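*Asks:* quick one, structure for this:
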Amino acid sequence: MDYFLNTKIGQMFFAVILLAVVVLVLLGLASLADRMKGRGRTVASVAVFLGPGLLLLALGLIYPAIRTIIMSFMDRRSSQFVGFDNYVWLFTATDSKQAFVNTFLWVLLVPIVSTVVGLLYAILIDGKRFEKLAKSLLFMPMAISFVGAGIIWKFVYEYRGASQTQRGLLNAIIVGLGGEPVRFLQDSPMNTIFLLIVMIWIQAGFAMVLLSAAIKAIPHDIVEAAMLDGVSRWQMFRNITIPSIRPTLVVVLTTITIATLKIFDITQTMTGAKFGTQVLANMMYDQSFTYGNNGYGSAMAVAIFVLVIPIVLYNVRQMLINKEVRGA
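*Replies:* As a prediction, the model looks like this:
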């Protein structure tokens, strides 16, 4: 029996049986709740349907978050309390300061450029004959994982010595035109900009799809009234389009900002976070799993979490404001 449970088939069989038992228990509890009457029935029904989700949320999110915060005040082996020493290192060490600067550049440039590109693209192709094809081409990178995109662009940026045959697309073109090969991924600080382009390439399609839908949702009577008043295209864009799609712009910007703040895959795949391209998420991974320093890694995880909170709160606040406006 033990041998069977240690095999993959046995483990899968055990998981299926366990899932079936859980489902049967939930169905039984739901049936009991349905037989109750009055307020007790409502309370029991809510507990049955929300209970498992809340339990999984507590085990998978809340408990790890609390444990990470506690570990951020412990030493590298999480065996001794060291107070704020890990946070002092976080804000004073040269490597961590570089990671903060690079992360700031990512968060500053990627959401803005991605949103601008997506917005301009949506406006330019709106109503055109090839609109669907054009949208598909820009949105296609969203179907690729960050790791896959990193590998693709690593071949595009690949550098070899001037005496060697260039395999990287860009360097092959440069050498073919009579220039010298460029170290796109090795020379700092421009290598960070070249990495940013990969993220923009992925996120511009996301921005374009949402903003295009928001633009199409602008009431036609407003547009027609503006055209009858003789407004220019720029006035139409500034005074009608932007205010009308502002809620969607906020969602796009905040969503891309949160994704960028947690960026890990692209830098890890393309440069290994070397050559001055270190970011917070990469450094958190390195400290926790490469160097085995749980204290430093947890402190960096808390820092990322704290940086995300204001963005999420702003997004929620804007959603509530928009809901009140629609309700009014």
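
*Asks:* from now on I want contacts and neighbour counts done on CA atoms only, so please keep to that.
*Replies:* Will do.

*Asks:* low-confidence regions, the stretch 101-250 of the chain specifically.
*Replies:* Scanning the stretch 101-250 of the chain for pLDDT under 70 picks out nothing.

*Asks:* run through the helices of it in chain order.
*Replies:* 131-139, 146-157, 169-176, 190-216, 220-228, 233-236, 242-244, 246-261 (DSSP state H, counting those that start in this stretch).

*Asks:* and of the ones you listed, who's closest to residue 121?
*Replies:* When the helices of the stretch 101-250 of the chain are compared by C-alpha to C-alpha, helix 190-216 sits nearest residue 121, at 6.7 Å.

*Asks:* ok, and what's touching stretch 230-241?
*Replies:* Contacts of stretch 230-241 with the rest of the structure, by C-alpha atoms under 8 Å, 6 or more residues apart in numbering, involve 215, 218, 223, 226.

*Asks:* closest one to residue 274 out of those residues, please.
*Replies:* Minimum distance to residue 274 across the contacts of stretch 230-241 is 41.3 Å, recorded for residue 215 (C-alpha to C-alpha).

*Asks:* what is the neighbour count of the closest one?
*Replies:* By the other C-alpha atoms under 10 Å criterion, the neighbourhood of residue 215 contains 19 residues.

*Asks:* in contact with it, which residues?
*Replies:* Taking C-alpha under 8 Å, 6+ apart as the definition of contact, the neighbours of residue 215 are 123, 241, 244-245.

*Asks:* again with residue 195
*Replies:* So residue 195 contacts 185, 266-267 (C-alpha under 8 Å, 6+ apart).

*Asks:* grab the longest helix from this structure for me.
*Replies:* The helix of greatest length in the chain, counted in residues with DSSP state H as the criterion, is given as helix 294-327.

*Asks:* mind listing what's buried in that one?
*Replies:* By neighbour count, and taking 16 or more other C-alpha atoms under 10 Å as the criterion, the buried residues in helix 294-327 are 294-304, 308, 311-312, 315, 318-319.

*Asks:* if we can go back for a sec, got a ChimeraX select line for the buried ones in the contacts of stretch 230-241?
*Replies:* Remark: buried members of those, expressed as a ChimeraX selection using 16+ other C-alpha under 10 Å:
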select :215,226
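
*Asks:* of the contacts of stretch 230-241, just say which sits nearest to residue 60.
*Replies:* Lowest distance from residue 60 to those (C-alpha to C-alpha) belongs to residue 215, with 38.3 Å.

*Asks:* roughly how far apart are that closest one and residue 39?
*Replies:* With distances taken as C-alpha to C-alpha, to the nearest Å, residue 215 is found 46 Å from residue 39.

*Asks:* go on, residue 278?
*Replies:* In this view, residue 278 and residue 39 are 56 Å apart by C-alpha to C-alpha.

*Asks:* more crowded one of those two?
*Replies:* Higher neighbour count among residue 278 and residue 39: residue 278, with 25 against 9, using other C-alpha under 10 Å.

*Asks:* in a helix, the more buried one, correct?
*Replies:* No: secondary structure assignment (DSSP: H, G, I helix; E, B strand; the rest coil) places residue 278 in coil, not in a helix.

*Asks:* give me the most central residue, the chain.
*Replies:* Within the chain, one residue has its C-alpha closest to the average C-alpha position: by C-alpha atoms, centre = their mean, that is residue 259, at 1.9 Å.
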